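Asker: Pasting a predicted model and its sequence here:
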Amino acid sequence: MTDNKEYETLVGVIIDADSRLTLAQLCRLCAVHADYVIELVDEGLIQPYGEEMTQWHFTGLSIQRTRKARRLQTDLGINLAGVAVILQLLDEVDHLRLRIKDLEP
């Protein structure tokens, strides 16, 4: 008995912290509008590189922060100022965990 299953091939790109993304790419990867990303930049949640908005590029870390910000807003109804505080606290927790890990024998 033969199995005639079709297999789908998935192709992906690995994006690390040093990857550079355009505004359009960041929007597509995070399923958000450019206006939302601009709000995140204005609030200081993500940092673009480049002088003009047309020259902006973002690191791979911006994907993670943008997705976290969006989830906090949609799931919990938190405004951007609240999201900024939460992300700052999460960053501090991550930093402290790394320091504790370095101190462990």
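Answerer: Cool, got the structure.

Asker: Identify the residues contacting Lys68.
Answerer: Residues near Lys68 by C-beta atoms under 8 Å, 6 or more residues apart in numbering: Val83, Leu87, Leu90. Yep, even glycine has a C-beta here, placed from its N, CA and C like the rest.

Asker: Now do Ala84 against Ser19, distance only.
Answerer: 24 Å (C-beta to C-beta, to the nearest Å).

Asker: show me where pLDDT drops low in the chain?
Answerer: Within the chain, the segments meeting pLDDT under 70 span 1-4, 11-14, 16-18.

Asker: Which helix runs longest in it?
Answerer: helix 80-103 (DSSP state H).

Asker: outside of that helix, which residues touch it?
Answerer: By C-beta under 8 Å, 6+ apart, the list of residues contacting helix 80-103 from outside reads Glu39, Leu40, Glu43, Gly44, Leu45, Arg65, Lys68, Ala69, Leu72, Gln73, Ile78.

Asker: Please enumerate the strands of the chain.
Answerer: Assigned by DSSP state E, the strands in the chain fall at 20-22, 57-59.

Asker: Buried deepest among the ones you listed, which one?
Answerer: Comparing those by mean neighbour count (mean count of other C-beta atoms under 10 Å), strand 57-59 ranks first with a mean of 20.

Asker: Now do that strand: which elements does it pack against?
Answerer: On a contact count with 3 or more C-beta pairs under 8 Å, 6 or more residues apart in numbering; DSSP states H and E, strand 57-59 meets strand 20-22, helix 23-30.

Asker: do that again at 10 Å, thanks
Answerer: Packing partners of strand 57-59 (3 or more C-beta pairs under 10 Å, 6 or more residues apart in numbering; DSSP states H and E): strand 20-22, helix 23-30, helix 34-43, helix 61-76.

Asker: Show me what the shortest one pairs with in its sheet, parallel or antiparallel.
Answerer: Sheet pairing of strand 20-22 (DSSP bridges) gives strand 57-59 (antiparallel).
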